[in-house]
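Visitor: just coords:
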């Protein structure tokens, strides 16, 4: 019952997110009826996902036979849930797939290309003007936070490189790497020459 | 000869909660209860079960094995909780029939589903579970959630459900049952006979209907008895799952 309650809550969250992308539900409608059985090997548990044109249904059990069976570890499932490139994980060696793979790839494509239209959702609650104002404000704040993080990162790198000399600067590192590459090439040539000399130990007599 | 006539003419009695009433009156009395509570049925369900009835119904759907294109009968479908979910699952190529003997409940269910934009693959039928007006071998799944205890002749209803199911089709009976733990059973009795009628009085101004609910649950066959009744009616592989300590049980049987 607890697992069912958790799945019901998760389902509501997933479907709310799907409704916020205007392209997601029409894409899901093309694979409506698909049943995916997800089997986690370590720790062992199962989850069924049924695709519908109004969203996904998550279930702990499903009596009907699944169309596609996905088997992998919890680590891989977590990676699949969090990564943007879900298709790469599905095609990886850690994941075993049986059944209608193409439909599963289509489902993964819908989820990985999800773009949430926050402004539309806000405008439903606050009206077009309020939604636009709040959306712009959020967008501005997000950009400001992004720029601040990038700036902080740059300042920290400069401080560690230039002020404390705790780290080697990028230009210096590149120069050292170039020297190492040259040295490596010289050593390779020397090694090849020694090998050639070892194969012909007696020098030819001058004619 | 006279005795034979007397036996035939004397009407058999049945239970209506803890009361004994003539069989012909039970359906009318049950109908009065549901006419009275129909408008606030959903609100009361949420309050009485603290929303857990949604999880019981969710598990019923998971164990139904329904899929795209199936034809499903939701008997005593009331306000359409199961029908709405099944409608999503079977899609436009399938069909869900919401059947209820009570016109008020059917009306509330129909309005509620239409308000939620659920239509197209749903039919609404006012029907008696004992005499289902459908052809033989017609449905892939038949469900009856919190309805069987109100049926006068449960054996007849089970046989009727068997008839309309396709071979291999599944019947799911979700119904209140007997708690498996003695302590839980005592707490449940206190809740049912004291708190429930008070809630009914406050919200629907009808304590009697909710007293009937508590009594009808106690008069309903327990898990093993209902399992035996389903087997007797002709179902195979009959199993049941207790939920919330046996307060509710989900019985499932397959038509051979």
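Guide: Nice, thanks for sending it over. In this text, all values refer to a predicted model and were calculated from it rather than measured experimentally.
Visitor: residue ranges with poor pLDDT in the stretch 1-150 of chain B?
Guide: Filtered on pLDDT under 70, the stretch 1-150 of chain B yields the residue ranges B:1-11, B:15-19, B:24, B:26-27, B:29-30, B:33-39.
Visitor: Those residues of chain A touching chain B, which are they?
Guide: Contact residues (CB under 8 Å from any CB of the partner chain) of chain A with chain B: A:1, A:4-5, A:8, A:32-33, A:35, A:48, A:50, A:52-54, A:57, A:59-64. (Each C-beta comes from the backbone N, C-alpha and C, glycine too.)
Visitor: Spell out which residues of the stretch 101-250 of chain B are next to chain A.
Guide: B:170, B:243, B:244.
Visitor: which ones among those residues are found in strands?
Guide: Within those, residues falling in strands by DSSP state E are B:170, B:243.
Visitor: Would you list the buried entries among the residues of chain A next to chain B?
Guide: Buried members of the residues of chain A next to chain B, scored by 16 or more other CB atoms under 10 Å in any protein chain shown, are A:4, A:8, A:32-33, A:35, A:48, A:50, A:52-54, A:57, A:59-60, A:62-64.
Visitor: any idea which of those residues is closest to residue B:159?
Guide: Closest approach between those and residue B:159, by CB to CB: residue A:63, at 23.6 Å.
Visitor: Quick check: closest non-adjacent residue to the closest one.
Guide: residue B:65 (3.1 Å; CB to CB, 6 or more residues apart in numbering or on different chains).
Visitor: and what of residue B:237?
Guide: Residue B:237 sits nearest to residue B:254 (CB to CB, 6+ apart), 4.8 Å away.
Visitor: tell me the contacts of that neighbour?
Guide: With contact taken as CB atoms under 8 Å, 6 or more residues apart in numbering or on different chains, residue B:254 is in contact with B:168, B:169, B:170, B:171, B:235, B:236, B:237.
Visitor: make it 10 Å
Guide: Listed by CB atoms under 10 Å, 6 or more residues apart in numbering or on different chains, the contact set of residue B:254 reads B:165, B:167, B:168, B:169, B:170, B:171, B:235, B:236, B:237, B:238, B:239.
Visitor: and if you look at residue A:128?
Guide: Contacts of residue A:128 by CB under 10 Å, 6+ apart are A:119, A:122.
Visitor: From chain B, how far off is it?
Guide: Applying CB to the nearest CB, to the nearest Å, the value for residue A:128 to chain B is 23 Å.
Visitor: Centre of the chain to the helix or strand where that residue lies, how far?
Guide: According to DSSP states H and E, residue A:128 maps onto helix A:118-158. Distance of helix A:118-158 from its chain centroid, counting by CA atoms, centre = their mean, to the nearest Å, is 23 Å.
Visitor: tell me the angle whichever helix or strand comes after that helix makes with helix A:118-158.
Guide: Using DSSP H and E, the helix or strand that follows helix A:118-158 in sequence is helix A:170-199. Inter-element angle recorded for helix A:170-199 and helix A:118-158: 70 degrees (by axes from the mean of the first three to the mean of the last three CA atoms, to 10 degrees).
Visitor: Just the ones of the residues of chain A next to chain B in strands?
Guide: A:35, A:48, A:50, A:52, A:57, A:59.
Visitor: what's near enough to touch residue A:168?
Guide: Here residue A:168 is in contact with A:160, A:161, A:174, A:175, A:176 (CB under 10 Å, 6+ apart).
Visitor: Out of those residues, the closest to residue B:194 would be?
Guide: Using CB to CB, the contacts of residue A:168 come closest to residue B:194 at residue A:160, 70.9 Å.
Visitor: list the contacts for the nearest residue in space to residue B:164 that is not next to it in sequence?
Guide: Spatial nearest neighbour of residue B:164, excluding adjacent residues (CB to CB, 6+ apart): residue B:134 at 4.6 Å. Listed by CB under 10 Å, 6+ apart, the contact partners of residue B:134 are B:71, B:73, B:97, B:99, B:125, B:127, B:142, B:160, B:161, B:163, B:164, B:165.
Visitor: just for chain A, where's the confidence low?
Guide: A:201-207.
Visitor: nearest residue to the residue nearest the centre of it other than its sequence neighbours?
Guide: In chain A, the residue lying closest to the centroid (CA atoms, centre = their mean) is residue A:83, at 2.4 Å. Nearest non-adjacent residue to residue A:83, counting by CB to CB, 6+ apart: residue A:89, 5.9 Å away.
Visitor: ok, now how distant is that neighbour from chain B?
Guide: Residue A:89 is 27 Å from chain B, by CB to the nearest CB.
Visitor: What is the three-state secondary structure of that residue?
Guide: helix (DSSP: H, G, I helix; E, B strand; the rest coil).
Visitor: thought it was touching residue A:76?
Guide: Yes. Using CB atoms under 10 Å, residue A:89 is in contact with residue A:76, at 6.7 Å.
Visitor: count of residues packed around residue A:142?
Guide: 10 (other CB atoms under 10 Å in any protein chain shown).
Visitor: Can you give me every residue that contacts it?
Guide: Residue A:142 neighbours (CB under 10 Å, 6+ apart): none.
Visitor: Let me see the backbone angles for the residue nearest to the spatial centre of chain B.
Guide: The residue lying closest to the centre of chain B (CA atoms, centre = their mean) is residue B:147, at 1.8 Å. Dihedral pair for residue B:147: phi -130, psi -30, per degrees, to the nearest 10.
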